[in-house]
Structures are given as C-alpha cells and as structure tokens.
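> Sharing a sequence plus its predicted fold:
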Amino acid sequence: MGARPLSPHLGIYRFMHTMSLSILHRFTGVALAAGLVVLAWWLLALAGGETAYGVALGWLGAWPVKLLLFALLCAFLYHLANGLRHLLWDLGLGLEKHEARRSAWVVVAAVVVAIGLFGYLLFCPAGPQP
Amino acid sequence: MSLRSPLGAVLGTGAARGAVHHWWVQRVSAVALVPLGLWLLISLLSLPLGDYVAVVNWVARGWNPVLLVLLIGAAAWHSRLGVQVVIEDYVHGAGLKTASLLLSAGAHLLVAALGIYAVLRIALRSIG
C-alpha cells in the first residue's frame, strides 16, 4: 500500500477556513444520524403509551440530555445551511474560490443568528419575566 | 451486461454507475429534507411536548403521519449514504470496512422501520 502513488490528501494542503466547514458538515451529519435514533426512540415511547412516554420524557428532560439535544439542534441548523450551499454548488453556482469563501461566511453568520434565535425561544420562556 | 460484481452491488460500493446513483439519491433526499426538517423543527418547538395526549393527537392529525413517515424514510436514506462515505474514508482494512458498512446499513434500516412502525401505530390506533 505504502509504495503506491496516492492522490493528494488533506495533509498536503494549506489550511483554509472553508476546510473547517467541510469537516463540520461531516461531523454534524454523523451527529444527526444519532439524532435520528433519538427521534425513532421518542416516537416508539409515544406509541408505547403514557407511562412509556413519561419515562422517555424523564430522560430527555435531564439537563445533560437537554444540552445534547440543543447541540443536535445546532448540528441540524448548520447541516441545513451548509447543505443548501452544497446544493447550490451542485447547480454549478458559486464555485469560484472567492465565492465559496464568501458563502462560507454567510453560512456561519446565518447559523449563528439561527442558533441565537432558537436558543432564545427555548431557554427564555415567553411572557414577561419578573 | 453489468460490470458490477454481485458483492459490489450488495455493498453499494464499486464502479459502474453505483456512484452516480449514490450522488443523485443523496441530493434528492437532501432537497426533500429541507422542508421536512424545518417542518418537524417548528412543529416540535410549538408543541407542548410534556402533554402526552396533545403530542399523540399531533402525530395522528391530518397529513402529519404521512409527513413523518416521509421524513423518517428520507432522513434514514440520506444518513445511510452519508455515513457510508465516512466509513469508506476513515475505516481501513477490507474486513472491518465491510463489517462497518453492513452494520451501518442494517442499523439505518432498523431505525427507519422502528420509527415508521411507531408513527403508524399511533396514527392507526386513533382511527380504530
């Protein structure tokens, strides 16, 4: 294996910020695969009746799990935003280097705003606070 | 005549148009998941999740069970294809790679089947 010629791999390129978006896309994708398991488990508990659902809610409502679910929400928002960027590339749009670098920042900005918005909705209950 | 070996066809690996199909299905499922994912996110955020009856009624109401089944199907398919690429890139050794690919494919199928079964059970029970 070692003696065979290989195509250029990650280690040979100078680091660009667009690379971290690519890596994060994979990372969040794998995290969302785990999220699919959580969704199926939650639906199964719901189908299992009120007692089973209560047990599931007990797990999902615990603070460390809540944080993981929020991380999952962030992963979803990022994968969605960067996924749209990938779909535009597939249409042949925005493939120039300067365009790809700019759209990377657009994705980061959009995700930060979206996470802020959803975080506010989730952690600050509606209604006037004392 | 197909140039693909039977094993290659089963594993979803190898040459002879398998890659194009993989690429295309990943994009189709991605496009479907944009509205479906946003719909689920907004629904979950606006539901009183602690209220068992309200959540069951939501799952069973109108188009919701159909959309949930479509979402689970598209997400499992998309996820299977994505995880497959990650395994192909990072798991080395033919045996371990093949085992990981089979395990991932089987696990995705199982999760999709369980999720769809749960949705149908909730939706059909409220009809019957």
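Arrived safely. What you see is a predicted model; the values in this text were computed from it and never measured.
> What are the boundaries of the helices in chain A?
A:17-47, A:50-61, A:63-90, A:97-123 (DSSP state H).
> er, chain B I mean
B:6-11, B:18-46, B:52-60, B:64-90, B:94-127.
> For the shortest one, the averaged confidence score.
Looking back up the chat, that one is helix B:6-11. Helix B:6-11 shows a mean pLDDT of 70.
> related to what we said a few turns ago, what's the closest of the helices of chain A to B:A74?
With Cβ to Cβ as the criterion, B:A74 lies closest to helix A:17-47 of the helices of chain A, at 10.6 Å. Glycine gets a C-beta too; all of them are placed from N, C-alpha and C.
> pLDDT value on B:G128, please?
So B:G128 comes in at 49 (pLDDT).
> In PDB, list the C-alpha atoms belonging to stretch B:46-55.
Output in PDB follows, covering the C-alpha atoms of stretch B:46-55 (Å, rounded to 0.1, in the frame of the first residue of the first chain):
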ATOM      1  CA  SER B  46     -44.600  24.800  19.100                       C
ATOM      2  CA  LEU B  47     -45.900  21.500  20.600                       C
ATOM      3  CA  PRO B  48     -46.400  21.200  24.400                       C
ATOM      4  CA  LEU B  49     -44.000  18.100  24.500                       C
ATOM      5  CA  GLY B  50     -44.900  17.300  28.100                       C
ATOM      6  CA  ASP B  51     -48.600  16.800  27.200                       C
ATOM      7  CA  TYR B  52     -48.900  13.100  26.100                       C
ATOM      8  CA  VAL B  53     -52.400  13.500  24.600                       C
ATOM      9  CA  ALA B  54     -51.500  16.700  22.700                       C
ATOM     10  CA  VAL B  55     -48.400  15.100  21.100                       C
END
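> who touches B:A118 in this structure?
A:A40, A:L43, A:L44, A:L46, A:A47 (Cβ atoms under 8 Å, 6 or more residues apart in numbering or on different chains).
> and those residues as JSON lines, adding pLDDT and distance to A:F15?
Compiled in JSON lines, the contacts of B:A118 are given as follows (pLDDT from 0 to 100; distance: Cβ to Cβ, whole Å):
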{"residue": "A:A40", "pLDDT": "98", "distance to A:F15": "38"}
{"residue": "A:L43", "pLDDT": "98", "distance to A:F15": "41"}
{"residue": "A:L44", "pLDDT": "97", "distance to A:F15": "43"}
{"residue": "A:L46", "pLDDT": "97", "distance to A:F15": "45"}
{"residue": "A:A47", "pLDDT": "96", "distance to A:F15": "47"}
